[in-house]
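K.L.:
could you work out the structure for the sequence below:
(one chain, ligands or ions: 1)
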Amino acid sequence: MSKIIFPEDFIWGAATSSYQIEGAYNEDGKGESIWDRFAHTPGKIFEGHTGDIACDHYHRYKEDVQLMKEIGIKSYRFSISWPRIFPDGKGKPNEKGVDFYKRLTDLLLENGITPAVTLYHWELPQKLQDIGGWANRDVTDYFTEYSETILKNLGDVVPIWITHNETFIVTFLGHVLGIHAPGIKDMKTALQVSHNLFLSHGKTVKLFREMNVKGQIGIAPNISYVYPASQSPEDIAAAELAFGVHARWHLDPVIKGEYPKNVVEYYEKRGILPSYPQEDLKIISEPIDFIAFNYYSPDFVKHDDEQGFVSIDSELNNFERTEMNWIVYPQGLYDTIMYLHREYDQPNIIISENGAAYKDKINNNGRIEDTKRINYLVDHLTQVHRAIQDGVNLKGYYLWSLMDNFEWSYGYSKRFGIIHVDHESQKRTIKDSGYWYKETIANNGF
Ligand code: FCB
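P.N.:
Residues are numbered from 1 along each chain as shown. Predicted coordinates:
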């Protein structure tokens with residue numbers, strides 16, 4: 001007997017992104033992306049792995065849709081590779097690229113699976129990086145032109161749209177730490193990039209309304225609750241600052257049309273505040289239909305005289321951790337949801353990613369008994385359910401990930417899927433967690 005039952009129309013989803021699964025990196029007229037360039041640069045990715053072939057989803061999408069159908073997934077979140085559509089980032093669209101996503105979308109719909117499209121899951125055309133990438137304001141217009149092409153082709157059949165995935169990660173991992181493409185290490189550039197990402201989001205939402213697209217549109221930042229290391233006023237202020245930098249900087253402008261004050265002061269003191277015309281904030285805060293967010297683990301911080309805050313993650317020994325070494329803390333998901341609910345006036349909320357990497361092994365019977373992943377999912381979905389009981393407008397949950405895939409700088413060394421992929425033979429095998437998800441979806445709970 002199920003004990004935890006979700007609302008009738010709850011969206012049970014699974015997510016992937018184009019570079020992580022598609023492969024076919026130079027086929028049918030696709031241009032080079034910053035991830036192609038980054039992965040092909042020696043020393044950037046674990047053991048030199050690349051997304052050249054990835055899960056070969058570009059050729060195997062029919063089999064993958066069948067697997068989704070078998071599991072009973074109600075909605076599939078995938079992203080579109082911008083350089084597949086515009087090899088040079090702009091100009092004339094590549095029909096073969098457009099056609100792939102049309103075929104995929106049609107097949108999903110034929111199988112009763114709702115497509116949810118992310119326009120930008122980090123695949124900037126390299127040609128646009130060559131003119132400065134997201135630090136160049138012109139790129140916000142090229143993004144809008146790319147979005148327009150996609151909306152013209154898929155706008156009448158796709159009901160759920162996400163502009164950007166994880167602007168914090170694009171900014172910090174891509175432009176401060178340099179461990180993601182394009183591998184830049186400059187804080188000032190990074191903040192200008194973040195502003196331009198938000199601007200491109202706002203311009204696209206505006207276009208979406210002007211084009212009268214029927215579906216709903218939102219954005220998907222990664223939001224993790226930040227807890228203070230102690231209850232001292234210094235640590236509490238440090239946690240607020242860290243949450244501001246990680247989360248509010250990426251949502252306040254979009255929802256409220258202003259950057260958080262404590263973070264503005266913090267960046268101003270360091271002389272790295274981005275410059276922009278004031279009217280930008282009006283465009284950036286064009287109303288959206290839902291807030292989507294990705295959640296994996298929380299952060300714990302303490303006060304630091306120089307930086308303002310510093311993470312104490314590595315000092316914490318009492319938490320269970322995933323294969324990514326990320327803390328398992330389901331309460332953090334609940335706290336994040338409740339924060340969004342309170343702070344942004346009870347918006348519609350979608351969890352656009354949540355899941356865990358573990359060392360999965362195929363046993364002698366051909367099964368993958370990933371009990372830890374099942375426990376992770378049960379514990380996190382229990383918190384999702386709790387938030388719904390508390391009155392949050394929580395519409396759906398997209399599990400990361402449908403299948404094992406290219407985990408950015410970790411290459412294929414981390415497995416997040418509920419479907420196992422043998423990266424040599426491309427054989428897919430549904431893991432125990434996949435069967436567990438199937439049952440959960442069928443029962444609308446567990
Ligand atoms: C998120 C990304 C996604 C995936 C998961 C594990 O940061 O959005 O592509 O790599 O982490």
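
K.L.:
correct me, but Val263 touches Gly244?
P.N.:
Yes: Val263 is in contact with Gly244 according to C-beta atoms under 8 Å; the separation is 4.1 Å. From N, CA and C alone the C-beta is placed, and that goes for glycine too.

K.L.:
wait, a strand at Asp9?
P.N.:
No: using DSSP: H, G, I helix; E, B strand; the rest coil, the secondary structure at Asp9 is coil, not a strand.

K.L.:
now stretch 77-84, how far from the centre of its chain.
P.N.:
Counting by C-alpha atoms, centre = their mean, to the nearest Å, stretch 77-84 is centred 13 Å from the centre of its parent chain.

K.L.:
what is the end-to-end distance of it?
P.N.:
With C-alpha to C-alpha, to the nearest Å applied, stretch 77-84 spans 18 Å between its terminal residues.

K.L.:
how about the strands of this protein, start to end?
P.N.:
All strands of the chain, identified by DSSP state E, fall at 11-15, 75-79, 114-120, 160-165, 216-220, 226-228, 290-294, 299-304, 308-311, 349-354, 394-400, 419-421, 428-430.

K.L.:
is stretch 378-393 in proximity to the ligand?
P.N.:
No: for stretch 378-393, no contact with the ligand is found by C-beta under 6 Å from any ligand atom; the gap never falls below 13.9 Å.

K.L.:
what residues does that stretch touch?
P.N.:
If you take C-beta atoms under 8 Å, 6 or more residues apart in numbering as the criterion, stretch 378-393 is touched by 4, 6-7, 295, 328, 330-331, 333-334, 337-338, 341, 346-349, 351, 354, 394, 397, 440, 445-446.

K.L.:
how much distance is there from it to the middle of the chain?
P.N.:
20 Å.

K.L.:
ok, the closest residue in space to Thr149 that isn't next to it in sequence - contacts?
P.N.:
Spatial nearest neighbour of Thr149, excluding adjacent residues (C-beta to C-beta, 6 or more residues apart in numbering): Pro93 at 5.0 Å. Residues near Pro93 by C-beta under 8 Å, 6+ apart: Ile85, Phe86, Thr149.

K.L.:
could I get the residues you listed as TSV with neighbour count?
P.N.:
Listed next are these as TSV, based on neighbours: other C-beta atoms under 10 Å:
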residue	neighbour count
Ile85	25
Phe86	23
Thr149	18
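
K.L.:
now these as CSV including pLDDT?
P.N.:
Output for the contacts of Pro93, formatted as CSV (pLDDT from 0 to 100):
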residue, pLDDT
Ile85, 99
Phe86, 99
Thr149, 98
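
K.L.:
for the ligand, state which of those is nearest.
P.N.:
Ile85 (19.4 Å; C-beta to the nearest ligand atom).

K.L.:
now do the contacts for that closest one.
P.N.:
Ile85 makes contact with Pro93, Asn94, Gly97, Val98, Tyr146, Thr149, Ile150, according to C-beta under 8 Å, 6+ apart.

K.L.:
farthest-separated two in those residues?
P.N.:
In terms of C-beta to C-beta, the contacts of Ile85 reach their longest pairwise distance at Asn94 and Ile150, which sit 12.3 Å apart.

K.L.:
remind me which residues of the protein are low pLDDT?
P.N.:
Counting by pLDDT under 70, the ranges of the chain that qualify are 1-2.

K.L.:
which parts of it sit against the ligand?
P.N.:
So the chain meets the ligand at Ser17, Gln20, Asn165, Glu166, Ile169, Asn222, Asn294, Glu353, Trp400, Glu407, Trp408, Phe416 (C-beta under 6 Å from any ligand atom).

K.L.:
okay, these in TSV with neighbour count next?
P.N.:
Formatted as TSV, the residues of the chain next to the ligand follow (neighbours: other C-beta under 10 Å):
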residue	neighbour count
Ser17	25
Gln20	27
Asn165	24
Glu166	23
Ile169	17
Asn222	19
Asn294	21
Glu353	25
Trp400	25
Glu407	20
Trp408	24
Phe416	26
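
K.L.:
for those residues, which one is nearest Ile53?
P.N.:
For these, the nearest to Ile53 is Gln20 (11.8 Å; C-beta to C-beta).

K.L.:
which residues does the residue nearest to the closest one when sequence neighbours are not counted contact?
P.N.:
The shortest distance from Gln20 to any non-neighbouring residue, by C-beta to C-beta, 6+ apart, is to Asn405 (4.1 Å). By C-beta under 8 Å, 6+ apart, the contact set of Asn405 is Thr16, Gln20, Ile21, Ala54, Cys55, Tyr412, Phe416, Gly417, Val421.

K.L.:
ok, now Asp141?
P.N.:
Lys203.

K.L.:
specify the beta-bridge partners of the residue most central in space within the chain.
P.N.:
Among the residues of the chain, the one closest to the centroid is Asn165, at 4.1 Å (C-alpha atoms, centre = their mean). Asn165 has these beta-bridge partners by DSSP bridges: Ala220.

K.L.:
how much space separates the closest residue to Glu22 other than its chain neighbours from the ligand?
P.N.:
Computed as C-beta to C-beta, 6+ apart, the closest residue to Glu22 that is not its neighbour in sequence is Tyr58, at 4.5 Å. Tyr58 sits 17 Å away from the ligand, going by C-beta to the nearest ligand atom, to the nearest Å.

K.L.:
wait, Tyr58 sits on Gly23?
P.N.:
Yes: at 5.5 Å, Tyr58 and Gly23 qualify as touching, with contact defined as C-beta under 8 Å.

K.L.:
of the strands of the chain, which is nearest Arg103?
P.N.:
Of all the strands of the chain, strand 114-120 sits nearest to Arg103, with 11.8 Å by C-beta to C-beta.

K.L.:
Trp326 touches Pro298, doesn't it?
P.N.:
No: here Trp326 lies out of contact with Pro298, judged by C-beta under 8 Å, at a distance of 9.4 Å.

K.L.:
count the residues that sit near Arg84.
P.N.:
The number of residues packed near Arg84 is 27, by other C-beta atoms under 10 Å.

K.L.:
the closest residue to it other than its chain neighbours: neighbour count?
P.N.:
Nearest residue to Arg84, sequence neighbours excluded (C-beta to C-beta, 6+ apart): Gly97, at 3.7 Å. Gly97 has 23 neighbours, counted by other C-beta under 10 Å.
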